[in-house]
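S.K.: just to be clear, the model below is a prediction. Sequence and coordinates:
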Amino acid sequence: MITPHNTQAVVLAAGKSSRFKTKKSKLLFSICGRTMVMYPLKALEALNIPATVVLGHQAAQVQEEIQNHTKHDVQFVIQAEQKGTGDAVATSQAHWKEENILILYGDTPLITSALIADLIKTHQTSKTAISFCTTFVMDATGYGRVIEHDGKFEIVEEKNCTPEQRHITRINTGVYIMKRSFLEQNIGKLTKNSVTGEVYFVDLIKMACDQNLGVVAHPVAYDYVRGVNTLQELWEVEQIKRSEFIKHWMSEGVRFELAQSIHIDIDVTIGSGSFIGTGAHLMGDTHIGEECFVGAFSIIENSKIGNNTCIQPHSFVQDSTLGEDVQIGPFARLRGNSVIGNDVQIGNFVEIKATSIGDHSRTKHLSYLGDATVGKNVNIGAGTIVCNYDGVKKNQTIIEDNAFIGSNNTLIAPVTIGKGSYTAGGSTINENVPAGSLAIGRSRQQLKEGYAEKMRAELVKNHACGCTGEDAEKKTVATSETATGFKGAVKTNNISEQA
Ligand code: UD1
Ligand code: MG
């Protein structure tokens, strides 16, 4: 690959995206975790070609997106009104300095730096005024058709095509390189199109041919230059990109179950021997270790997963780091920069937020841990939750090494459970528990021996007299008071008591 000298790029990103039929500019839509506009810019960055981006529709958002995702030399100009691609390129004229100007459209995300480098090479070898990329397609709908006569070219946009021209399958891809001198002398000569009133950049091709200046049509493969004007085309290019990544990771030893159902983003990495289940989504800055298992329909976003870790189906791991040999799910949710050590088990219906958990700890069923620091070898019983929010701020819970939290505990933060201590099942813990203690925070059980038989007799009596609903309940209350002398109420169905 050559490193292009004397070349700078102009990327058009001002269009209204009207065929997308969305409020948001099409250039801000994501394709495998990278916005559309960033694809051509990253290809330029790889070649170290400086770029001027033409902004217009949602200029501030598009500019912010670009600035947040590149440190490359990118400048911006504003096309105040979207009068067509010719007008858009003209807007950037004050920035033209190099001998050659490369023009790319922001809606061509599958373009590669290899393709651009090839075009530049062709151009530098041919020494022509213009070199532009063409390709053949089965269905040319939406594209400008390339018409060639005796080595001279003209591009006719679909709206200007005669019925015969519509059948032409050779298309303009919107990727061009031109001598700056040619552009400077001719861009001002472009006129409004008679059908749409837009100023078409493509008309420069015919202009160069009419002036007997050399024009080279550089053939490229269609998939690299697919234009995205509709949501259907967005879906098509994302399918291509996604397949490219899946095939790559397959070649690195990753097994994908029902590969066509899996979503994977551009920056994701996966270690060899890992298994990715049906419908899994691997998103953003996610890195999965070796020999991992990601169960069906799990979503992992911006997270790091250590080797040999198993994420059972339907789990959602977001912005978190998991160690090695960890077991998660099914139906677990981790988020908010949680950090999980090695050999930790987080079971079904457990939510972990902004929490760190030390090695060999377990929280296996139906729990919530938010804003907590959990030590090593800690066991958290089923149904335990921390009350981290007091309505104003989030408070911390600390559970030290080797502590044992009984089932169905309510830990009211801020609270610390000391090293090696126990809390009894069903406890509400609102005071610190010193190391090595047992904390019991629940009401005492009452026992009424022989009471069950009496109660059952009452129930049978009520049933026999045909009392139902409220009547039965009133009757039961009345008779049970007399029968037992106990000053309270016994309800038939839920067998609750009021002392
Ligand atoms: C354009 C080409 C067509 C080619 C196709 C390849 C023209 C006139 N037509 O058609 O020959 O086959 O690309 O994909 O060039 N833009 C601006 N300002 C504007 C208008 C558009 O910056 O006033 C930007 C858009 O944001 C987009 C790019 O230019 O990134 C191309 O515009 P678009 O409307 O998509 O052109 P196509 O109809 O696809
Ligand atoms: Mg387009």
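M.R.: Noted; the coordinates are in hand. Ligands and ions are numbered 1, 2, ... in the order given.

S.K.: ligand 2 contacts on the chain?
M.R.: Proximity of the chain to ligand 2 is assessed by CB under 5 Å from the ion, with Asp107, Gly227, Asn229 identified as the residues in range. Backbone N, C-alpha and C define where each C-beta goes, glycine included.

S.K.: quick check: phi and psi at the residue nearest to the last one when sequence neighbours are not counted.
M.R.: I take that to be Asn229. Closest residue to Asn229 apart from its sequence neighbours, by CB to CB, 6 or more residues apart in numbering: Arg19 at 4.5 Å. Here is the backbone geometry of Arg19 (degrees, to the nearest 10): phi -80, psi -10.

S.K.: Thr135 versus Arg19, what's the distance?
M.R.: Per CB to CB, to the nearest Å, Arg19 is found 21 Å from Thr135.

S.K.: and what of Lys24?
M.R.: For Lys24, the distance to Thr135 (CB to CB) stands at 29 Å.

S.K.: which of the two has more neighbours?
M.R.: Per other CB atoms under 10 Å, whichever of Lys24 and Thr135 has more neighbours is Thr135, with 23 against 12.

S.K.: I'd like the next helix or strand past the helix or strand containing the more buried one.
M.R.: Using DSSP states H and E, the element containing Thr135 is strand 130-136. Following the chain from strand 130-136 toward its C-terminal end, the next helix or strand by DSSP H and E is strand 145-149.

S.K.: and that next one, which residues are buried?
M.R.: Buried residues in strand 145-149, counted by 16 or more other CB atoms under 10 Å: Arg145, Val146, Ile147.

S.K.: for the first one, which non-adjacent residue is closest in space?
M.R.: In other words, Arg145. Distances taken as CB to CB, 6+ apart place Ile168 nearest to Arg145, at 4.1 Å, with adjacent residues excluded.

S.K.: for that neighbour, give me the pLDDT.
M.R.: Listed pLDDT for Ile168 reads 98.

S.K.: give me the number of residues near Ser251?
M.R.: By other CB under 10 Å, neighbour count at Ser251 equals 8.

S.K.: and it, how far is that from Ile240?
M.R.: According to CB to CB, Ser251 and Ile240 sit 17 Å apart.

S.K.: how about the helices of the stretch 101-250 of the chain, start to end?
M.R.: Shown for the stretch 101-250 of the chain, the helices assigned by DSSP state H, counting those that start in this stretch span residues 113-126, 163-166, 180-186, 203-210, 231-251.

S.K.: CSV for those, including distance to Asn48?
M.R.: Converted to CSV, the helices of the stretch 101-250 of the chain look like this (distance: least, CB to CB, whole Å):
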stretch, distance to Asn48
helix 113-126, 10
helix 163-166, 39
helix 180-186, 19
helix 203-210, 26
helix 231-251, 23
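
S.K.: among those, which is nearest Arg444?
M.R.: Closest to Arg444 of the helices of the stretch 101-250 of the chain, according to CB to CB: helix 231-251, at 58.4 Å.

S.K.: thinking again about what came up before, list just the nearest of the residues of the chain next to ligand 2 to Lys152.
M.R.: The shortest approach to Lys152 among the residues of the chain next to ligand 2 belongs to Gly227, at 24.1 Å (CB to CB).

S.K.: number of residues surrounding the residue of the stretch 201-350 of the chain found nearest ligand 1?
M.R.: Closest to ligand 1 within the stretch 201-350 of the chain is Gly227: 2.5 Å, counting by CB to the nearest ligand atom. By other CB under 10 Å, 19 other residues sit near Gly227.

S.K.: what sits against it?
M.R.: Residues in contact with Gly227 (CB atoms under 8 Å, 6 or more residues apart in numbering) are Tyr105, Asp107, Thr108, Gly142, Tyr143, Thr173, Gly174, Glu233.

S.K.: keep those residues, but drop any that are not near ligand 1.
M.R.: Among the contacts of Gly227, the residues lying close to ligand 1 (CB under 6 Å from any ligand atom) are Tyr105, Asp107, Tyr143, Thr173, Gly174.

S.K.: distance of the spatially most central residue of the chain from Ser30?
M.R.: The structure's the chain has its C-alpha centroid closest to Met283; by CA atoms, centre = their mean the separation is 4.7 Å. As judged by CB to CB, Met283 and Ser30 stand 10 Å apart.

S.K.: hey, what's the closest residue to Val254 other than its chain neighbours bridged with?
M.R.: Spatial nearest neighbour of Val254, chain neighbours left out: Ile270 (4.7 Å); criterion: CB to CB, 6+ apart. Going by DSSP bridges, Ile270 is paired in beta bridges with Ile288.

S.K.: contacting residues for Lys179?
M.R.: The neighbours of Lys179, taking CB under 8 Å, 6+ apart as the test, are Glu99, Asn100, Ile101, Ala129, Ile130.

S.K.: ok, Asn302 next?
M.R.: Shown here is Asn302, whose contacts under the criterion CB under 8 Å, 6+ apart are Met283, Gly284, Asp285, Thr286, Gln318, Asp319.

S.K.: now the fifth one: closest residue in space, sequence neighbours ignored.
M.R.: Setting aside the residues directly before and after it, Gln318 is nearest to Arg335 in space (CB to CB, 6+ apart), at 4.3 Å.

S.K.: just the closest residue of the stretch 51-200 of the chain to ligand 1, please.
M.R.: Gly144 (2.3 Å).

S.K.: show me what contacts the residue nearest to Gln318?
M.R.: Arg335 makes contacts with Phe316, Val317, Gln318, Asp319, Ser320, Glu351, Ile352, Lys353, Ala354, as judged by CB under 8 Å, 6+ apart.

S.K.: next up, phi/psi of the closest residue to the last one other than its chain neighbours, please.
M.R.: Of all residues not flanking Ala354 in the chain, Gly336 sits nearest, at 3.8 Å (CB to CB, 6+ apart). Summarising the backbone geometry of Gly336 under the convention degrees, to the nearest 10, its torsions are phi 60, psi 50.

S.K.: tell me how far the closest residue to ligand 2 within the stretch 1-150 of the chain lies from Ile205.
M.R.: When scored by CB to the ion, the stretch 1-150 of the chain has Asp107 as its residue closest to ligand 2, at 4.3 Å. With distances taken as CB to CB, Asp107 is found 19 Å from Ile205.

S.K.: try Val137
M.R.: 18 Å.

S.K.: more crowded one of those two?
M.R.: Between Val137 and Ile205, counting by other CB under 10 Å, Ile205 is the more crowded of the two (25 against 15).

S.K.: from start to finish, how long is stretch 162-177 in a straight line?
M.R.: 28 Å (CA to CA, to the nearest Å).

S.K.: pull out the buried positions in it.
M.R.: Of the residues in stretch 162-177, those with enough neighbours to count as buried (16+ other CB under 10 Å) are Ile168, Arg170, Ile171, Asn172, Thr173, Gly174, Val175, Tyr176, Ile177.

S.K.: those in strands, which ones?
M.R.: With strands defined by DSSP state E, the entries of the buried residues of stretch 162-177 inside them are Arg170, Ile171, Asn172, Thr173, Gly174, Val175, Tyr176, Ile177.

S.K.: no more questions from me, cheers.
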